[in-house]
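> Pasting the sequence and the predicted coordinates here, then a few questions.
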Amino acid sequence: MSKIEENVTHEDVAKRVIKKKYHFYFWIIYFLFNVIRWGSYFNDYWYSFRSNLIEFPLHLIIVYFNIYYLIPRYLLRKKYTMYVAFLLFSLGLHYAVRSGLNYWLIAENIWPEAQGENEPFGLNHIIAVVLGELYVLALTYSIKISVDFIMERNKNQQLTALQYKTELQYLKAQIQPHFFFNTLNNLYALTIQKSSEASEVVVKLSEFMQYIIYDASKRKVPLIQEIQYIDNYIELENIRYGNQIETEINIVGCIDDVLVTPLLFLPFVENAFKHGFKDKGEMSLLVSFEVRNETLIFMSENSYDENASLKSKNGIGIKNVERRLQLLYNKNYELMISNDSNLYKITLKIPTT
């Protein structure tokens, strides 16, 4: 086992162990409860305190022996006969030691709560003590099972959240590479041509990369910042395609306090540039953001070339966004895609809260 695996294993084990202070709290409460209960039962608190003081360490021994040895070694491995045999032996030994110590150290009357002709060390006394101890064993193991269940559930929730986070980061990382390559190639061509637009591309690309590296790593960003980023992207693409793009970005409603997941809308805009150019090399693009009744409505509408690949609806970019939407909002979102009369339209509705 590697050091990393060993450290992870030890950390997981440590997290699943109940802290010692909770063991201490439980047994103190249990001890006081028994002293008061039996002391009030036969109106002798001093006897109850002394007898419970003797029985208390025996409870600890048999409880932890059962939980951490007998159950894992036999019961959980389906060795039921061995488990029952060892448990009965433990209970018998527990009865003999407990009753003997009470008889020799406390008082000869070790069963003051009995009525009638019931005598200590008789069958009724043995059954009463064993049943009482089985109650303690069942109670403590029930507590352990409950704690283990809660810890395991929390661990699974953390693993699921980590898996979602990792997948979201992976999906986010898929968005930009081809855009950067295209922009760098375009910058190279402009540099060769000694175009004045080269410096503008460098500035916008720098802003673009700054957003990707720093802001896009956040869980949420202001919507206005995301819109500025999309506008920057459109300007870069416009330079790339020789200013042949008619674009418009509309904002309806108050977006000042709206936070969104970074890079959620960009694939739709990228998709428009990928499949939106007509034969004449022209393109129109309308992007709008509307806040209405705690819902953000994003709409992208662009001209569409019928001869272009039809993968825009089922391409990686759209599938990427759909998967991210499922992880982020479960079913609490609405995505509509239509392609009619050379017009490609996407409408996305997501909650703002």
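Right, received. Where do you want to start?

> residues touching I145, list them.
By Cβ atoms under 8 Å, 6 or more residues apart in numbering, the contact set of I145 is empty. Quick note: C-beta positions are derived from backbone N, CA and C, even for glycine.

> per-residue confidence averaged over the strand or helix carrying it?
If you go by DSSP states H and E, I145 is part of helix 123-173. Confidence for helix 123-173, expressed as mean pLDDT, is 79.

> Also stretch 25-43?
84.

> Can you mark which positions in that stretch are buried?
Within stretch 25-43, the residues scored as buried using 16 or more other Cβ atoms under 10 Å are Y30, F31, N34, V35, W38, G39.

> Redo those residues as JSON lines? Include secondary structure and distance to L101.
Formatted as JSON lines, the buried residues of stretch 25-43 follow (DSSP: H, G, I helix; E, B strand; the rest coil; distance: Cβ to Cβ, whole Å):
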{"residue": "Y30", "secondary structure": "helix", "distance to L101": "19"}
{"residue": "F31", "secondary structure": "helix", "distance to L101": "16"}
{"residue": "N34", "secondary structure": "helix", "distance to L101": "16"}
{"residue": "V35", "secondary structure": "helix", "distance to L101": "17"}
{"residue": "W38", "secondary structure": "helix", "distance to L101": "16"}
{"residue": "G39", "secondary structure": "helix", "distance to L101": "19"}
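
> out of those residues, which one sits closest to L70?
Y30 (20.3 Å; Cβ to Cβ).

> mind checking how far the closest one is from P222?
55 Å (Cβ to Cβ, to the nearest Å).

> which residues touch T352?
V258, L259, V291, E294, T295, L296.

> L70 now?
Y83, F86, L87, S90.

> ranking the residues you listed by neighbours, who comes first?
L87 (20 neighbours; other Cβ atoms under 10 Å).

> and the residue nearest to it when sequence neighbours are not counted, backbone torsions?
When the adjacent residues along the chain are set aside, L87 lies closest to L70, with 6.2 Å between them (Cβ to Cβ, 6 or more residues apart in numbering). Per-residue torsions, L70: phi -60, psi -50 (degrees, to the nearest 10).

> Got the confidence number for L70?
If you check L70, the pLDDT there is 92.

> which residues of the chain fall in helices?
3-16, 20-42, 45-65, 80-101, 123-173, 177-192, 197-210, 223-240, 266-275, 316-329 (DSSP state H).

> hmm, who's touching the third one?
So the one you mean is helix 45-65. 27, 30-31, 34-36, 38-39, 42, 90-91, 94, 97-98, 101-102, 105-107, 110, 112, 133, 136-137, 140.

> hmm, back to that, would you list the buried residues of stretch 25-43 in TSV and tack on distance to E152?
Formatted as TSV, those follow (distance: Cβ to Cβ, whole Å):
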residue	distance to E152
Y30	25
F31	30
N34	31
V35	35
W38	37
G39	39
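
> Mind picking the one among these that's closest to N320?
Y30 (56.1 Å).

> The closest one: what's it in contact with?
By Cβ under 8 Å, 6+ apart, the contact set of Y30 is H59.

> Send me stretch 198-208 as PDB with only the CA atoms.
These are the backbone C-alpha positions of stretch 198-208, laid out as PDB (Å, rounded to 0.1, in the frame of the first residue of the first chain):
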ATOM      1  CA  ALA A 198      -3.500  42.500 -33.700                       C
ATOM      2  CA  SER A 199      -2.900  44.600 -30.600                       C
ATOM      3  CA  GLU A 200      -6.700  44.700 -30.000                       C
ATOM      4  CA  VAL A 201      -6.800  40.900 -30.200                       C
ATOM      5  CA  VAL A 202      -4.000  40.600 -27.700                       C
ATOM      6  CA  VAL A 203      -5.800  42.800 -25.200                       C
ATOM      7  CA  LYS A 204      -9.100  41.000 -25.500                       C
ATOM      8  CA  LEU A 205      -7.500  37.600 -25.500                       C
ATOM      9  CA  SER A 206      -5.600  38.600 -22.300                       C
ATOM     10  CA  GLU A 207      -8.900  39.600 -20.700                       C
ATOM     11  CA  PHE A 208     -10.500  36.400 -21.900                       C
END
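
> which other residues reach that stretch?
180, 183-184, 186-187, 190-191, 229, 232-233, 235-236, 239.

> Just the buried residues of those residues.
For those, buried by 16+ other Cβ under 10 Å: T183, N186, L187, L190, Y229, N232, Y233, E235, L236, I239.
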